[in-house]
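S.K.: Got a sequence here, can you build the structure:
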Amino acid sequence: MPQLQNLVLTDRAATPVSHTFTPINIDTNGVGTVAETGTVPIGEPKFSIQNKRVNGRFKVTLKLSVPVVQTQTINGISTPTVVRTAYVDATFTFDGTASEQERKDIVGMFQSSLDPAKVLVNDTLIKLQGVY
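M.R.: Prediction:
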């Protein structure tokens, strides 16, 4: 069983940046959460992971939320404010009889679908183009 630990995620900036998410909580439902902590908790990007068993199936849910924070000044007082947040939810459901290789294969195919060279997925996600 993996321990909640640091998670380093790399973005797709022109010069890629590694973002280190550190453990912040495991709730009563077994959801482990890590965050890229900063000086103000209001704008922390968070990643959570949960594995639960539902009707003989394993359901693994990954969630990533990345807020954009700007400083707002009202009456001379500056405060950080979340102006928008991007969210990702991915749920993998495996039959209780699925082999480790079957799980590895589907995770690999899903990961491969996010390759920038895969125009169908990339241009729909990144360029917000419709599918025709």
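S.K.: On the strand side of things, show who residue 64 bridges to.
M.R.: residue 47, residue 88 (DSSP bridges).
S.K.: what's the distance between it and residue 16?
M.R.: Separation of residue 64 from residue 16 (CB to CB, to the nearest Å) stands at 16 Å. (Glycine included, C-beta is placed from N, CA and C.)
S.K.: the helices in this protein, which residues?
M.R.: 100-113, 119-125 (DSSP state H).
S.K.: Tell me which of these sits most buried.
M.R.: Compared across the helices of the chain, helix 119-125 shows the largest average neighbour count, a mean of 13 (mean count of other CB atoms under 10 Å).
S.K.: Figure out how far that one is from the centre of its chain.
M.R.: Centroid separation for helix 119-125 versus its chain: 18 Å, with CA atoms, centre = their mean, to the nearest Å.
S.K.: Next one, pLDDT for the closest residue to residue 25 other than its chain neighbours please.
M.R.: Closest residue to residue 25 apart from its sequence neighbours, by CB to CB, 6 or more residues apart in numbering: residue 33 at 4.8 Å. On the pLDDT scale, residue 33 is placed at 97.
S.K.: now the one 4 residues further on
M.R.: pLDDT for residue 37: 91.
S.K.: Can you give me the domain boundaries for this protein?
M.R.: The chain is divided into the following domains under automatic domain parsing: 7-97, 99-132.
S.K.: Settle this for me: the residue nearest to residue 25 is touching residue 7, isn't it.
M.R.: No. Counting by CB atoms under 8 Å, residue 33 does not reach residue 7; the two are 10.4 Å apart.
S.K.: any chance of the helices of the chain in CSV, plus mean pLDDT?
M.R.: Below are the helices of the chain laid out as CSV (pLDDT from 0 to 100):
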stretch, mean pLDDT
helix 100-113, 97
helix 119-125, 95
